[in-house]
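*Asks:* based on what follows, work out the 3D shape:
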Amino acid sequence: MKTGFIFSKSSLKHDTGEGHPENKYRIQSIFERLKKQKITNLEWSEPSKFDESLLKKTHENNYIDQVKKAFPSKGQFFLDGDTIISPGSKEASYGAVSSIISAIDLVKDKKLKNAFCAVRPPGHHAEYDKAMGFCIFNNVAVGANYLIEKYKFNKIAIIDFDVHHGNGTQNIFYSNEKVLYISTHQYPHFPGTGASNERGIYNNIYNIPLPAGTNSQEFLDAYEYVLKKLNDFKPEFILFSAGFDAHKDDPLSNINLNSEDYFEITKRTLITTQNYCKGNVVSILEGGYNLNALAESTEEHIKALLKF
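*Replies:* Below you'll find the predicted structure:
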């Protein structure tokens, strides 16, 4: 079976304005890299139609309504200090949610081996009732709730290796024993959450805060704790919140990973969990703001998804 590459062309319509780090060139850089490398066994597809009811399992109804009303017919609008929406943002944010749902269905139906969703806007900072940090809806959280509601999974692991802590995902699943949320992130750093003593009601939150300057070997050593936690939990399905901004060249962080480290992170995760997860893996793009580093790192991540 092939690895899926799921994307919606609508992601390019989300206009955050001149100079904003979360821009359409991020997706374009990934496309160009993968096309140039001519990777085989990668199946490109667009998501199925958006179903708004999916949001209601993850976000407050009033928040969903507020966002819908806020989408402008022209110009731009700030949902918070750095989360900007434009006329194309509604279609893009719906496309991002649809991408992870489509990927889950295709993997669950054995039509794909696993899948990567190249989406924007990202999602892991969006909380139950508010936008934050470039994020409108929490894409990976919608996916996890979909796995619980439709497929009746009882053990889902979300592995978030974005350099910024996924406060939104932690917020949404803090008291949900069916979801294990694991985050490796620079700390202290935006958004200010992610201390090791933030553990969830059911000990289902596992934060691994890393100091600025952490290098590849130090990160990979710390990642062994992620693998141990996965072995203890034994998830039936894994969702990656795949942010590539812990790269040494990223302008918004001070962790010093190389592009090849993302292959290693992904490889170790897939090998460790193959006996109980059985290849049920979907990954979705979060951060990464140096275009070359983002494209290279995404390629390495996808190469591991293809191989293991």
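
*Asks:* all contacts plus neighbour counts: C-alpha atoms, from now on.
*Replies:* Fine.

*Asks:* residue 204 and residue 222: what is the separation?
*Replies:* 18 Å (C-alpha to C-alpha, to the nearest Å).

*Asks:* looking at these two, which is more packed in?
*Replies:* residue 204 (23 against 15; other C-alpha atoms under 10 Å).

*Asks:* excluding chain neighbours, what is closest to that one?
*Replies:* Leaving aside its chain neighbours, residue 204 sits nearest to residue 180 (4.7 Å; criterion: C-alpha to C-alpha, 6 or more residues apart in numbering).

*Asks:* and if you look at residue 13?
*Replies:* Nearest to residue 13 is residue 88, by C-alpha to C-alpha, 6+ apart, at 4.7 Å.

*Asks:* for that neighbour, give me its contacts.
*Replies:* Listed by C-alpha atoms under 8 Å, 6 or more residues apart in numbering, the contact partners of residue 88 are 10, 13, 14, 15.

*Asks:* might one say that residue 136 is in contact with residue 92?
*Replies:* No - Residue 136 lies out of contact with residue 92 (C-alpha atoms under 8 Å); the separation is 10.2 Å.

*Asks:* shared neighbours of those two, which are they?
*Replies:* Any residue near both residue 136 and residue 92 by C-alpha under 8 Å, 6+ apart counts here, and that gives residue 121.

*Asks:* as a markdown table, the contacts of residue 88 with neighbour count and secondary structure would be great.
*Replies:* As requested, these are arranged in a markdown table below (neighbours: other C-alpha atoms under 10 Å; DSSP: H, G, I helix; E, B strand; the rest coil):
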| residue | neighbour count | secondary structure |
| --- | --- | --- |
| 10 | 18 | helix |
| 13 | 19 | helix |
| 14 | 22 | coil |
| 15 | 21 | coil |
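
*Asks:* related to what we said a few turns ago, the residue nearest to residue 204: neighbour count?
*Replies:* 26.

*Asks:* ok, now which ones touch it?
*Replies:* 155, 156, 157, 158, 204, 205, 206, 233.

*Asks:* what's the separation between the first one and residue 177?
*Replies:* Residue 155 sits 8 Å away from residue 177, taking C-alpha to C-alpha as the criterion.

*Asks:* now do residue 275
*Replies:* 22 Å.

*Asks:* okay, these two: which has more neighbours?
*Replies:* Taking other C-alpha under 10 Å, residue 275 and residue 177 do not tie; residue 177 has more neighbours (16 against 12).

*Asks:* didn't that one look like it was pressed against residue 202?
*Replies:* Yes - at 5.6 Å, residue 177 and residue 202 qualify as touching, with contact defined as C-alpha under 8 Å.

*Asks:* quick one, strands of the stretch 101-250 of the chain?
*Replies:* Using DSSP state E, counting those that start in this stretch, the strands of the stretch 101-250 of the chain run over 114-117, 156-160, 179-186, 205-210, 237-242.

*Asks:* closest to residue 280 out of these?
*Replies:* Nearest to residue 280 among these is strand 237-242; the distance by C-alpha to C-alpha comes to 5.0 Å.

*Asks:* for that closest one, packing partners?
*Replies:* In terms of contacts (3 or more C-alpha pairs under 8 Å, 6 or more residues apart in numbering; DSSP states H and E), strand 237-242 is packed against helix 139-151, strand 156-160, strand 281-285.

*Asks:* local confidence estimate at residue 39?
*Replies:* At residue 39, the model reports a pLDDT of 89.

*Asks:* and the one 10 residues further on, by the same measure?
*Replies:* With respect to pLDDT, residue 49 has a value of 90.

*Asks:* do the one 3 residues further on as well
*Replies:* We note a pLDDT of 92 for residue 52 in this prediction.

*Asks:* equivalent analysis for residue 244, please.
*Replies:* 99.

*Asks:* any low-confidence regions in the stretch 51-200 of the chain?
*Replies:* Nowhere does the stretch 51-200 of the chain drop to pLDDT under 70.

*Asks:* helices of that one, residue ranges please.
*Replies:* Ranges of helices within the stretch 51-200 of the chain are 61-70, 89-108, 139-151, 167-173, based on DSSP state H, counting those that start in this stretch.

*Asks:* okay if I get the ones you listed as CSV plus distance to residue 286 and mean neighbour count?
*Replies:* Output for the helices of the stretch 51-200 of the chain, formatted as CSV (distance: least, C-alpha to C-alpha, whole Å; neighbours: other C-alpha atoms under 10 Å):
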stretch, distance to residue 286, mean neighbour count
helix 61-70, 20, 14
helix 89-108, 11, 24
helix 139-151, 9, 22
helix 167-173, 12, 24
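
*Asks:* can you say which of the ones you listed is nearest to residue 271?
*Replies:* Comparing the helices of the stretch 51-200 of the chain against residue 271 with C-alpha to C-alpha, the closest turns out to be helix 89-108 (17.6 Å).

*Asks:* great, nothing more from me.
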